[in-house]
Structures are given as structure tokens and as C-alpha cells.
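In: Task: produce atomic coordinates for the following.
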Amino acid sequence: MTLRVDPEHNEIRALKSATDWRGKKVLEVGCGDGRLTLRLANLGANIMAVDPNPKLIGEARKKLPERFAERVRYKVGKAEQLKYPDDAFDLVVFSWVL
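Out: Residues are numbered from 1 along each chain as shown. I've put the predicted structure just below:
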């Protein structure tokens with residue numbers, strides 16, 4: 001059985017209606033395997049995606065299309081231990097984490 005996440009594209013519509021992602025510096029906390037990361041990159045965001053699970057970060061890196069290589073960075077890290085300046089990002093996404 002194939003798992004299809006958001007076949008109606010409701011998540012994409014919600015993301016598009018939230019803001020103009022083009023060129024925005026985004027911190028994605030809890031990126032998992034990068035599913036949402038790729039959607040944000042497709043909307044034009046520049047993303048630092050972090051997750052505490054090294055295995056999931058490895059999967060995300062393997063799935064990263066070359067066209068997003070300059071705009072997406074994956075890093076193993078915990079939400080409680082992020083050390084970025086206050087003005088490092090335009091937006092923070094913390095979704096599907098709990």
C-alpha cells in the first residue's frame with residue numbers, strides 16, 4: 001500500500017496563503033525526512049531544516065533534488081538547543097512535530 005500525504009494539496013494551499021515564501025530565510029524545526037522542507041523549497045524558500053534524528057536527516061539529504069541544493073540545508077539538532085541570532089530567519093516552521 002502506498003502512503004499518499006495530502007493528495008488534495010490542502011497543505012500546499014495553506015502554505016501559499018500564509019505568506020510569500022520566495023526568498024524568505026526559513027528555519028524548519030523537526031523536519032523529519034524533509035517532506036515539508038521540499039514543499040517549502042518548491043515555494044521559493046531558503047531553508048535551514050533541523051531534526052534530532054540523524055537517520056531522518058540522512059534520508060532527507062538523499063531525497064534533496066539538485067535544484068534545491070543551494071537553498072536547503074539539513075542539520076541534526078534539537079529545538080531546545082538552537083543557537084541562531086534573533087534575526088537569522090524571516091520565518092520559523094514547527095509543524096507535524098508533536
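In: quick one: the spatially most central residue of the chain and L64, what's the gap?
Out: Against the mean C-alpha coordinate of the chain, by CA atoms, centre = their mean, the closest residue is T37 at 2.7 Å. Using CB to CB, to the nearest Å, T37 is found at 8 Å from L64. C-beta: built from backbone N, CA, C; applies to glycine.
In: Could you tell me which residues touch both of these two?
Out: 72, 74 (CB atoms under 8 Å, 6 or more residues apart in numbering).
In: Could you tell me the model confidence score at W96?
Out: If you check W96, the pLDDT there is 68.
In: Return the backbone torsion pair for W21.
Out: Main-chain torsions, W21, degrees, to the nearest 10: phi -80, psi -20.
In: Isn't it up against N46?
Out: No. Shown here, W21 and N46 do not form a contact pair, counting by CB atoms under 8 Å, at 9.2 Å.
In: Count the residues that sit near S17.
Out: 7 (other CB atoms under 10 Å).
In: Just the buried positions in whichever strand or helix holds A14, please.
Out: Per DSSP states H and E: A14 is located in helix 10-18. If you call a residue buried by 16 or more other CB atoms under 10 Å, then helix 10-18 has these buried ones: L15.
In: what's that helix packed up against?
Out: helix 35-42 (3 or more CB pairs under 8 Å, 6 or more residues apart in numbering; DSSP states H and E).
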